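Undergrad: A structural model of the following input is requested.
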Amino acid sequence: AQGGNGALLGFEHRMRTSRWRVGTTGGLFADPARTLRHRLAAELQAEWFATRRLNLNGRIGRYERDFQLLSPFFAERNSRFAQFGSRVQMKPWLSFSTSHSAHQRYDDGGRFDQFSTESISVQPRHPYVDSFGISFQQTTGTDLALGNQWSFDVRGRWAHGQWYQVVRQETGGESPWAMNLGALARTSQGTGQLSTSWQDLALEGVSADWSRSFLGARRLRASVGGHWSRVAPEGTNAFLADVRLSWDFFPGHGVDVSWDEQPTTYSTRTQWRGRFLFPEAGGQRGAGIRGSIDRHVSRIEGRVYLDRNDNGTFDDTDRPLRGAEIVLDGGLTRTLTDADGHYSFAAVRTGKHRLVISPETVRADLSLLDDIERRVLVPAFKTAVVDYRTCVNRRVAGTVFHDLDGDGHRDPEEPGVPDVHLVVSGRSDTLSDPQGRFRLSDLPPGTHEISVDPGSLRDGDTAAGPWTVLVPVDRDPERIEIPVRPLARPVKRRVFP
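TA: Below is the predicted model of the structure:
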């Protein structure tokens, strides 16, 4: 599993009667370092055949934040969802299906997106049309952002296979509509599939696949395919290939091998599967087993530490930071640094990922020397190392004084100015004491500007500014002196008779 070591305990059960079909799925990711409530997953599916012409169906589930597994067995993570639908057989040649679904997915900050979908479809008995339907999806979120999408779907058949067409229109988007068009053909030499995607009458991508069975009874199956994208990111391959091989070496048991090319690397996967049947009264009971070896997975690790000498490398003079939270890819996976300041994400897919350190988990007297959000490209079979460096916040001290002679330097006879309001680049502020002294704390290394609030000066006084100060990493900057000067008063000339 991602984000650490642990054991997955899962179950799946299916039951069927003359009126009911019920399925349950559940699991627990057994990692003692995580809260139990955040490690559970459960899903219930049910279908009720109320009459010969009416059946009702539903699906409800909850998959908590820390329940993470790279497997289609548990497709949902960090989400809650519910779906209800029905199917009515109006005529022997006509049936209607309706459904309503709601889906909430949370990110690392507790924010969520919610999807609500309403759909209706018709299944006429036609030699070339299997079904056509229309659906409406509404999306809302924590920021009250609203998005609507209409979808029209038509599916049918032809002499050698099937075809489909899906048209989507989004309200308020830059691209008002999109379309997918595809077909499947079966011949004596194998099965071929072709699909295309369009955006505003422009071809965006093409996918093709060809598969064939060998050795009789479909014991050995092979497929070769690829995908071309017109909008592939710069520096990546526009065409990506894939190869799959499946062998059923015994009835109910087999092995699958796949190779997929990705935009920046490639991946391989070997999966074995099996099913055992046990005789019992009234029939047989089955149990299945499935496992896989993923060679496309890699690892991300690093350290959060106090870089005391600012050399960019963790050494004996530096200090590790414990308890800093690192979030991977928007919050579906997260971890905390240990006593050595170390963190790791295991079983990470190759390609591009996004790392974010939670600033609130870093000590208040420290500042990050690196960006909060980091982009990392993980190569196949490798470990990507991403460190976060911190430094101690520094303080700036100085004096505000009355520059009586206007030379910009404080002389012994020039007094300090009390109650002057000083502001540092919108970060912090302070007031000078009765002797004109001031101190600005918790300033991260870098260049800052100190300015004087004109409203805090006495009538007739002015300060130029702002004053630029460079805060080093390893020490506090030198004291600064801020002169306040009286406004030049106009000289009135009087001529006596």
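
Undergrad: how much space is there between the most centrally placed residue in the chain and Leu368?
TA: The chain has Gly330 as the residue nearest its centroid, 2.8 Å off, counting by CA atoms, centre = their mean. Distance of Gly330 to Leu368, computed by CB to CB, to the nearest Å: 20 Å. Placement of C-beta: from N, CA and C, glycine included.

Undergrad: same question for Leu215.
TA: From Leu215 to Leu368 the distance is 59 Å (CB to CB).

Undergrad: these two: which is more packed in?
TA: Set Leu215 next to Leu368 and count neighbours by other CB atoms under 10 Å: Leu368 wins out with 16 against 10.

Undergrad: so what's that one up against?
TA: Residues near Leu368 by CB atoms under 8 Å, 6 or more residues apart in numbering: 357, 359, 362, 388-390, 444.

Undergrad: if you set the cut-off to 6 Å instead, what comes out?
TA: Neighbouring residues of Leu368 by CB atoms under 6 Å, 6 or more residues apart in numbering: Thr390.

Undergrad: find me the pLDDT at it, would you?
TA: On the pLDDT scale, Leu368 is placed at 87.

Undergrad: now the one 3 residues further on
TA: Among the per-residue scores, Asp371 shows a pLDDT of 89.

Undergrad: cool, Trp48 as well?
TA: For Trp48, pLDDT reads 91.

Undergrad: could you do Ile300 as well?
TA: 90.

Undergrad: how about the nearest residue to Gly26, chain neighbours excluded?
TA: Once flanking residues are discounted, Gly26 sits nearest to Ala42: 4.4 Å by CB to CB, 6 or more residues apart in numbering.

Undergrad: who does the one you found form a beta bridge with?
TA: Counting by DSSP bridges, Ala42 forms beta bridges with Gly26, Arg62.

Undergrad: about what we covered before: helix, strand, or coil at the residue nearest to the centre of the chain?
TA: helix (DSSP: H, G, I helix; E, B strand; the rest coil).

Undergrad: list the contacts of the residue nearest to Ser441 when sequence neighbours are not counted.
TA: Among residues not flanking Ser441 along the chain, Arg395 sits closest, at 4.5 Å (CB to CB, 6+ apart). Arg395 makes contact with 439, 441, 476, according to CB under 6 Å, 6+ apart.

Undergrad: what does Gln123 give?
TA: 95, 131.

Undergrad: and with 8 Å instead?
TA: 94-97, 130-131.

Undergrad: now tell me which of the residues you listed the prediction trusts least.
TA: The lowest pLDDT within the contacts of Gln123 belongs to Leu94, with 75.

Undergrad: tally of neighbours for that residue?
TA: A count of nearby residues for Leu94, using other CB under 10 Å, gives 12.

Undergrad: measure it to Phe136 for me?
TA: For Leu94, the distance to Phe136 - CB to CB - is 22 Å.

Undergrad: and for Ser18?
TA: 35 Å.

Undergrad: now do the contacts for Arg372.
TA: Rather than Arg, residue 372 is Ile. Contacts of Ile372 (CB under 8 Å, 6+ apart): 356-357, 359.

Undergrad: secondary structure and neighbour count added to the residues you listed, as a markdown table?
TA: Formatted as a markdown table, the contacts of Ile372 follow (DSSP: H, G, I helix; E, B strand; the rest coil; neighbours: other CB atoms under 10 Å):
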| residue | secondary structure | neighbour count |
| --- | --- | --- |
| Val356 | strand | 19 |
| Ile357 | strand | 24 |
| Pro359 | helix | 12 |
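
Undergrad: next, format those as JSON lines and append pLDDT and distance to Ser195.
TA: Shown next, in JSON lines, are these (pLDDT from 0 to 100; distance: CB to CB, whole Å):
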{"residue": "Val356", "pLDDT": "93", "distance to Ser195": "35"}
{"residue": "Ile357", "pLDDT": "94", "distance to Ser195": "40"}
{"residue": "Pro359", "pLDDT": "88", "distance to Ser195": "44"}
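
Undergrad: hmm, back to that, which of the contacts of Gln123 sits closest to Gly58?
TA: Ser97 (13.5 Å; CB to CB).

Undergrad: surely that closest one touches Asn57?
TA: No. Counting by CB atoms under 8 Å, Ser97 stays clear of Asn57, with 9.4 Å between them.

Undergrad: common neighbours of these two, please.
TA: Joint contacts of Ser97 and Asn57 (CB under 8 Å, 6+ apart) are 85-87.

Undergrad: near Trp150, how many other residues are there?
TA: By other CB under 10 Å, neighbour count at Trp150 equals 14.

Undergrad: who are the packing partners of the helix or strand containing it?
TA: For Trp150, the element it lies in under DSSP states H and E is strand 147-158. When contacts are defined as 3 or more CB pairs under 8 Å, 6 or more residues apart in numbering; DSSP states H and E, strand 147-158 packs onto strand 129-141, strand 161-171.

Undergrad: let's see it at 10 Å
TA: strand 112-122, strand 129-141, strand 161-171, strand 177-187 (3 or more CB pairs under 10 Å, 6 or more residues apart in numbering; DSSP states H and E).

Undergrad: got JSON lines for these, with distance to Ala238 too?
TA: Shown next, in JSON lines, are the helices and strands packed on strand 147-158 (distance: least, CB to CB, whole Å):
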{"stretch": "strand 112-122", "distance to Ala238": "30"}
{"stretch": "strand 129-141", "distance to Ala238": "30"}
{"stretch": "strand 161-171", "distance to Ala238": "23"}
{"stretch": "strand 177-187", "distance to Ala238": "19"}
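
Undergrad: which of Ser18 and Phe136 has more neighbours?
TA: Phe136 (13 against 5).
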